[in-house]
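Participant: 3D model of this:
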Amino acid sequence: MAKKKLVIFPYNGNGIEALDCIDFDVYELIGFIDDDPHKTSGHYTIYSRDILQNHKDLFVLAVPGSPSSFHKREEIISSLGINISRYITAIHKNASIGKNVIIGRNCLIMAGVVLTSNARIGDHICVLPNSVIHHDSTVGNYTLIGSNVVVAGSSSIGHNCYIGSGTTIINNINVGDFSLVGLGSNILKDVPTHSRMVGNPARNLNSFSQQKMI
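Facilitator: Here you go, the predicted model:
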């Protein structure tokens, strides 16, 4: 059977690391897509978005985002203008996926990730190496999970969040939509939407800024 042709968007760190997670028995990598016409690579071809319209048979893994741009992930991915059926999910062979786990479209699950029983991973999500999402927890669409993150059981991470590497979230916690959790934070209570959490225990920098203004 012919391999499916794949492009990765954009040419960034997540995109390069995604190469370790692709099943090359199934997919043939055509190259990367990037909006920066000045980007070059000695190993891969970098295309403009036009390739998606000119070649409707291409499959896509879209993994944009960083702590500074995560809030635009939904806008950027949606702007590709392709049907969700063209997105793939890539799971590293050394990830551990438990019973009754659900993983959506356009997800990147890197090496050493553990998803335990009944975890729910939405669409357009990246989980970086060695993170653990425990039983009955959910991760909302367009969220980025850094490396070595622990999400304890029955917790919920909202839509389009960024959870920094080394973060621990205790059980039964809700992290509101569009929230940023800084590196190494310990989340011990529910997080409102649009929060910026840092520290151990984590505090909301947005609340701190508002107090200073009063």
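Participant: for the residue most central in space within the chain, which residues are in contact?
Facilitator: Most central in the chain under C-alpha atoms, centre = their mean is residue 126, positioned 2.1 Å from the mean C-alpha point. By C-beta atoms under 8 Å, 6 or more residues apart in numbering, the contact set of residue 126 is 14, 63, 65, 107, 108, 110, 144, 145. Yep, even glycine has a C-beta here, placed from its N, CA and C like the rest.
Participant: and with 10 Å instead?
Facilitator: Residue 126 is in contact with 14, 17-18, 61-65, 70, 73, 90, 106-110, 142-146, 162, counting by C-beta atoms under 10 Å, 6 or more residues apart in numbering.
Participant: among those, which are in helices?
Facilitator: 14, 17, 18, 73 (DSSP state H).
Participant: ok, the last one touching residue 62?
Facilitator: Read it as residue 73. Yes. Residue 73 is within contact range of residue 62, at 8.8 Å (criterion: C-beta atoms under 10 Å).
Participant: what do those two both touch?
Facilitator: 124, 126.
Participant: just to revisit the earlier point, from residue 27, how far out is the residue nearest to the centre of the chain?
Facilitator: 18 Å (C-beta to C-beta, to the nearest Å).
Participant: do the same with residue 47
Facilitator: 16 Å.
Participant: quick check: domain ranges of the protein?
Facilitator: By the assignment in automatic domain parsing, the chain contains the domains 4-86, 90-200.
Participant: mind putting the ones you listed in JSON lines, distance to residue 206 included?
Facilitator: Shown next, in JSON lines, are these (distance: least, C-beta to C-beta, whole Å):
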{"stretch": "domain 4-86", "distance to residue 206": "14"}
{"stretch": "domain 90-200", "distance to residue 206": "5"}
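Participant: just the ones you listed: most buried one?
Facilitator: Among the domains of the chain, domain 90-200 has the highest mean neighbour count (mean count of other C-beta atoms under 10 Å), at a mean of 20.
Participant: look at the residue nearest to residue 104 when sequence neighbours are not counted and report its pLDDT.
Facilitator: Closest residue to residue 104 apart from its sequence neighbours, by C-beta to C-beta, 6 or more residues apart in numbering: residue 123 at 3.8 Å. According to the prediction, residue 123 has pLDDT 98.
Participant: hmm, residue 123 is touching residue 107, no?
Facilitator: Yes. Under the criterion of C-beta under 10 Å, residue 123 makes contact with residue 107 at 7.1 Å.
Participant: overlap in contacts, those two.
Facilitator: Counting by C-beta under 10 Å, 6+ apart, the common neighbours of residue 123 and residue 107 are 87, 89, 141.
Participant: what segments of the chain are helices?
Facilitator: Using DSSP H, helices in the chain cover 13-18, 50-54, 73-78, 205-213.
Participant: including distance to residue 155 and mean pLDDT, could those helices go into TSV?
Facilitator: Supplementary listing: these in TSV, determined by distance: least, C-beta to C-beta, whole Å; pLDDT from 0 to 100:
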stretch	distance to residue 155	mean pLDDT
helix 13-18	23	97
helix 50-54	36	96
helix 73-78	21	96
helix 205-213	21	60
